[in-house]
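Q: I would like the atomic coordinates for the input below:
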Amino acid sequence: MSNLARFAVVVAIPFLATQPAFGSEPEATSGTANAVQALAFDVASHPEAEAVDLYKFLHQAMFGPGHAAPDRAQAAKALDSELADLGPLMSSEAWCDTLGGDPMLVRVNLRPFVANGFSSDALVEAFVATASAVRADPQQMGVALDLVVQWLQTDSRQDLGRDLQELARTMAKQGYPTVHHSAAYRQAYKPSYRVIEASIASANGWCGSF
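A: A predicted model of the protein is given here:
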C-alpha cells in the first residue's frame with residue numbers, strides 16, 4: 001500500500017459510530033474518526049510506541065503544528081538545525097505517515113524528503129500554512145483519546161490502553177499540552193518530520209503517489 005493510499009482506507013473499528021465511553025463528550029467528527037483510523041495503522045507499524053507517543057499522534061492530528069511554528073523565521077531556523085543533524089536514511093522509513101484530522105494531515109519524514117531532493121523553503125511555507133489552517137477542538141481530542149482507549153482495550157492491548165487512559169485524564173486537566181516522543185520511540189524510529197496538510201504534501205509530491 002502506498003503512503004497516501006491509506007487516506008482511502010476505512011479501518012474496521014466498530015465503536016467509531018458509538019458514543020464515547022465516558023458519556024459526557026460529543027460524538028466523533030469525520031476528522032476525529034480519520035485520526036483514530038490512522039492511529040490504528042501507525043500502532044501496527046510502530047510497535048515500540050508508548051502511551052505518550054499515541055497521545056502525541058492524536059495531538060498532532062487534532063491540533064496541527066501550530067505550537068511549533070511561532071513565525072516563519074523561527075520555523076525555518078528550527079528546520080535548518082534539524083536538517084543539519086538528520087543522519088542516514090532508514091531503510092523502512094515511509095515518505096509520509098498519515099495523521100488524519102480535519103483538514104487531513106500527514107507527517108512528512110525529513111530523511112526521505114532530503115533524499116528526494118525536495119525544497120526546504122517550500123516545506124517551511126507549507127508548515128506555516130498548515131499551522132494557520134488547523135482549528136483545534138479540545139473536545140474532539142478527548143473523544144479521540146476515549147475511542148483509542150476503547151480500541152486498545154478490545155484489541156488485547158489492555159496495558160497500553162490503561163496507560164493512555166491515565167495519561168489522557170492528566171492531560172485533559174492541563175488543557176492537552178504538547179509532549180515529546182518517548183525515549184523508546186526515539187531510539188527505535190529516530191523521528192524527524194514536519195506536520196503538513198495532506199493536500200499540500202500531495203501536490204508537491206512529498207508523499208509519493210496515491
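Q: List phi and psi for residue 46.
A: phi -130, psi 70 (degrees, to the nearest 10).
Q: show me the contacts for the residue lying closest to it once chain neighbours are set aside.
A: Nearest residue to residue 46 in three dimensions, chain neighbours excluded: residue 189, at 6.2 Å (C-beta to C-beta, 6 or more residues apart in numbering). Where C-beta positions appear, they are placed from N, C-alpha and C, glycine not excepted. Residues near residue 189 by C-beta atoms under 8 Å, 6 or more residues apart in numbering: 46, 48, 90.
Q: show me where pLDDT drops low in the chain?
A: Applying pLDDT under 70 to the chain flags residues 1-25, 68-70, 209-210.
Q: what do you get if the cut-off is 90, keeping everything else the same?
A: 1-27, 66-71, 87, 90-92, 135-136, 155-156, 208-210 (pLDDT under 90).
Q: returning to that earlier point: now, among the contacts of residue 189, which is nearest to residue 195?
A: Each of the contacts of residue 189 was scored against residue 195 by C-beta to C-beta, and residue 46 proved nearest at 16.0 Å.
Q: roughly how far apart are that closest one and residue 149?
A: Using C-beta to C-beta, to the nearest Å, residue 46 is found at 18 Å from residue 149.
Q: Looking at these two, which one has more neighbours?
A: Higher neighbour count among residue 46 and residue 149: residue 149, with 25 against 16, using other C-beta atoms under 10 Å.
Q: who's in contact with the more buried one?
A: 21, 161, 164-165, 168.
Q: how about the helices in the chain?
A: Assigned by DSSP state H, the chain shows helices spanning 30-45, 51-63, 72-83, 110-115, 120-133, 138-154, 158-173, 183-189, 198-203.
Q: Out of the ones you listed, which one sits most buried?
A: Mean neighbour count (mean count of other C-beta atoms under 10 Å) peaks for helix 51-63 among those, with a mean of 24.
Q: Could you check the angle it makes with helix 138-154?
A: Computed by axes from the mean of the first three to the mean of the last three C-alpha atoms, to 10 degrees, the angle separating helix 51-63 from helix 138-154 equals 140 degrees.
Q: Against which helices or strands is helix 51-63 packed?
A: Packing partners of helix 51-63 (3 or more C-beta pairs under 8 Å, 6 or more residues apart in numbering; DSSP states H and E): helix 30-45, strand 96-100, strand 105-109, helix 138-154, helix 158-173.
Q: hang on, the earlier thing: would you turn the helices of the chain into JSON lines with distance to residue 95?
A: Below are the helices of the chain laid out as JSON lines (distance: least, C-beta to C-beta, whole Å):
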{"stretch": "helix 30-45", "distance to residue 95": "13"}
{"stretch": "helix 51-63", "distance to residue 95": "17"}
{"stretch": "helix 72-83", "distance to residue 95": "16"}
{"stretch": "helix 110-115", "distance to residue 95": "5"}
{"stretch": "helix 120-133", "distance to residue 95": "13"}
{"stretch": "helix 138-154", "distance to residue 95": "25"}
{"stretch": "helix 158-173", "distance to residue 95": "27"}
{"stretch": "helix 183-189", "distance to residue 95": "15"}
{"stretch": "helix 198-203", "distance to residue 95": "9"}
